[in-house]
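**Q** Predicted coordinates and the sequence they were generated for:
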Amino acid sequence: MDAFLPLLTIFMLAVFVGFEIITKVPPLLHTPLMSGSNAISGITIIGALLSVASPNRATMVLGFLALVIATINVVGGFLVTHRMLDMFRKKD
Amino acid sequence: MDTAINLVYLAASALFILGIRGLTHPRTAVRGNLMGATGMLLAVAATLLDRQVFGAGPQGLAVILAGVALGGAVGATLALRIAMTAMPEMVALLNAFGGGASALVAGAVLVSAVEPSAQTTVATVASGLIGSVTFWGSLVAFDKLRGLLLPDAPVVFPGQQVLNGVIALVALGLGAMVVAEPGTVAFYAGLVAVGSLLGVLLTISIGGADMPVAIALLNSYSGLAAASTGFVLSNDILIITGSLVGASGIILTRIMCKAMNRSLVNVLVGAIAEGGGSKSDADAVYAGRVKSTSAEEVAMLFDGARRTVIVPGYGLAVSQAQHQVRDLANLLESRGVEVEYAIHPVAGRMSGHMNVLLAEADVDYDKLKEMDAVNPSFEQTDVSLVIGANDIVNPDARTDPQSPIAGMPILDVDQSRTVVVIKRSLSPGFAGIPNPLFSADNTLMFFGDGKQAVLDLIAAVKES
C-alpha cells in the first residue's frame, strides 16, 4: 500500500498534463491524434512481455495473447499515424 | 539494473508527452509521432533486459519473438492496407486491442499472484472491467461503421437502461469477489464475461451518427484500462501513458458532444432515435419548392463567382470523391475563383476525418477552415458547394427550437449567394429530419453520386 500514493500522484499529474497538451491539438489533426494515442497506449506491451516470461503456464498464455494484440496496436498505430501525418506535409 | 530500466521508462514517458505535443501543429506532427515510436522502442528494449524477462532464457525469448512477429505483421498489414476513408474503423479496432491487451495482462498477473495487495486486486478489477467493455464495445462500433451485422440505427428496447444497470451491478459484485478471493480465477473470468456483455449492450444503443462520440469515448476507456494495468503492475510508465490517452479521449468526447449540442448521456442512450419535439413533415418542407440543377448550370454559376466554399460530408467519404473535388478546386482556382473548405467538427464519422481525406488528395491544410473561422465568410461567398453533407448544414438547428437538432452549431451555408447541394436524393441525414436548406430560394440540388457529379462539373467547367 506504500506505493499507492506516489502512483496516484503520478496518475493525477499525468491527467493534468494530458488535458493541457491535448486541448492544444487542432481539429485538423484529431484523427491522427486518436490513432497515435492508441499507438502509445500499446505501452501495455511492457506488461505483456513481463507476463510471457513467467514460469506460470496460464500467465504465459494470457501474456502471449496480450503481447500479440498490444504489438498490433504499437506497430499498426504508429504506422497508420505516420501515413496520415505524412499527407499533411507541405509539398514544396 | 532496475533503476536503469526505470530511468529509460522515464525517458520514454517524456518522449510520449513531447510526441503528443508535436501533434499541435502539422509541421511538427510527423516528428512527434516518430518521437513517440522511439519512446516505445526504448521502453520495450529496456523491458527485455528486466531480470524476469531476461531470465526466461532462449525459450522465453523465442515466444516473445513469435508474439511480436505475429502482432507486428498484422499491425503493419492493417496500417498499410487500410483506406483513408476507413480510418474510423481502424481506430475502433485499435481501441479494441488496447482494451483487450489491458484486460489480458491484468488477468495474467492475477493468475500467478501470491497474496496480491488490495491495490493489485482493485486495479485488476478496474482493468478487467474497463478493458472488456472497451474490447467488445469497440468491436460493435467497428461492426456498425463497416455495416456488417448490426444496423446503423441505435438498437433500443424497453427496459434497456434497467438491464444495463443490473448487469453493471453484477459486474461490481463479481469485482468485489475478485478482491475478496483473488485466488479464485473464475471470479475474474466471470467479471470479464459480464464486462463483455456490458460493452456490447452499451454500444448497440449508439447510432451511426454518434459514432464520433463513441469512438472518442472508447479511446478514453482504452487509456484508462492501460492506466489501471499500470496500478496492477505498480508501473509508472503505464500509468502516465494511460492517463494521457484517457485525457485525450475525454477531451475529444466533450468536443464532439458540443459540436452536436448533445449531452453525453443523451448520446449513450441513443435518444435521438426517438427524436424529441416536433418532426417537421418532409412533404411540407420540400413540396414543389426543390429546384434541381445540371452540371452546365452550376458551371455557369462558377463562371461568375469570386469565392467558393466546399462543404464535405460523410457522402464524400462514401463515394471517395476527395481526389475529384481537389481537381475541381484546382480548376476553379486556375480561373481566378478563391476556393476554401469548411470542415464541421462532426462531418463524417470521426473528428478530423474530412481533413485526413482532403490531405490525402493533396489539399493544402491552410485551405481547410474550422467552423468558427469560416462561418462569418459565407455572406461573401458566391457559391457554396455541399457534397454529401446534411444535418451539419440544416438551418433548423439555428431557427427551430423544436427541432431535434436545435442548438447544434452548423455551417451557415444558407447565407451564401447560391448553395449547390450534391446529394443522391432528398433522403434525411443521420438525424432523420428534412432539411429546409434543400428547398431554400438560393439552393440548387444537383442529384447524383458525389464522385460522378463532381466529374460532370469538371467537364462542364472546362467546356464553359
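**A** Received, thanks. Numbering: from 1, shown residues only, chains lettered A, B, ... in the order given.
**Q** Pull up the residues of the stretch 151-300 of chain B that are close to chain A.
**A** Within the stretch 151-300 of chain B, the positions lying close to chain A (Cβ under 8 Å from any Cβ of the partner chain) are B:185, B:215-216, B:219, B:222-223, B:226-227, B:229-249, B:251-252, B:255. (Each C-beta comes from the backbone N, C-alpha and C, glycine too.)
**Q** gap between the two ends of stretch B:402-414?
**A** Stretch B:402-414 has an end-to-end distance of 20 Å (criterion: Cα to Cα, to the nearest Å).
**Q** residue ranges with poor pLDDT in the chain?
**A** I went with chain A, as the question did not name one. Along chain A, segments meeting pLDDT under 70 span A:1-2, A:91-92.
**Q** if you could check chain B rather than the one you did, that'd help
**A** B:270-280.
**Q** Report the buried residues of the longest helix belonging to chain B.
**A** In chain B, assigned by DSSP state H, the helix with the most residues is helix B:118-146. Residues B:119-145 are the ones in helix B:118-146 that count as buried (16 or more other Cβ atoms under 10 Å in any protein chain shown).
**Q** Would you point out which residue is most central in chain A?
**A** Nearest to the mean C-alpha position of chain A, counting by Cα atoms, centre = their mean, stands residue A:41 at 1.6 Å.
**Q** Please look at that residue and residue A:74 and confirm they touch.
**A** No. If you go by Cβ atoms under 8 Å, residue A:41 and residue A:74 don't touch, sitting 9.3 Å apart.
**Q** Quick check: residue B:309 is in a strand.
**A** Yes. Secondary structure assignment places residue B:309 in a strand (DSSP: H, G, I helix; E, B strand; the rest coil).
**Q** Show me chain B divided up by domain.
**A** Using automatic domain parsing, the domain parsing of chain B gives B:85-273, B:282-463.
**Q** Buried deepest among these, which one?
**A** domain B:85-273 (a mean of 22; mean count of other Cβ atoms under 10 Å in any protein chain shown).
**Q** Any idea which residue of the stretch 51-200 of chain B lies closest to chain A?
**A** Here the stretch 51-200 of chain B gets closest to chain A at one residue, residue B:71, 2.7 Å apart by Cβ to the nearest Cβ.
**Q** which stretch of helix or strand covers that residue?
**A** helix B:57-81 (DSSP states H and E).
**Q** helices or strands next to that helix in the packing?
**A** helix A:45-52, helix A:57-71, helix A:77-87, helix B:87-112 (3 or more Cβ pairs under 8 Å, 6 or more residues apart in numbering or on different chains; DSSP states H and E).
**Q** again, only this time at 10 Å
**A** When contacts are defined as 3 or more Cβ pairs under 10 Å, 6 or more residues apart in numbering or on different chains; DSSP states H and E, helix B:57-81 sits against helix A:30-41, helix A:45-52, helix A:57-71, helix A:77-87, helix B:26-48, helix B:51-54, helix B:87-112.
**Q** Taking helix B:26-48 as reference, get the angle to the third one.
**A** If I follow you right, that is helix A:57-71. The directions of helix A:57-71 and helix B:26-48 differ by 160 degrees, with axes from the mean of the first three to the mean of the last three Cα atoms, to 10 degrees as the criterion.
**Q** Pretty sure residue B:436 sits against residue B:396.
**A** Yes. Counting by Cβ atoms under 10 Å, residue B:436 does reach residue B:396; the two are 6.1 Å apart.
**Q** re the thing from before, can you give me the buried ones in the helix holding residue B:71?
**A** B:60, B:63-64, B:67-68, B:70-72, B:74-76, B:78-79.
**Q** go on, stretch B:3-12?
**A** Within stretch B:3-12, the residues scored as buried using 16+ other Cβ under 10 Å are B:5, B:8-9, B:12.
**Q** ranges for the strands of chain B?
**A** Secondary structure of chain B (DSSP state E): strands located at B:307-312, B:338-343, B:368-370, B:383-387, B:418-423, B:443-447.
**Q** Chain A: which of these is closest?
**A** For chain A, the closest of these is strand B:368-370, at 5.9 Å, according to Cβ to the nearest Cβ.
**Q** What strands flank that closest one, and is each parallel or antiparallel?
**A** The strands that strand B:368-370 pairs with in its sheet are strand B:338-343 (parallel) (by DSSP bridges).
**Q** quick check: angle from the strand it pairs with to strand B:383-387?
**A** If you take the same axes, to 10 degrees, strand B:338-343 sits at 40 degrees to strand B:383-387.
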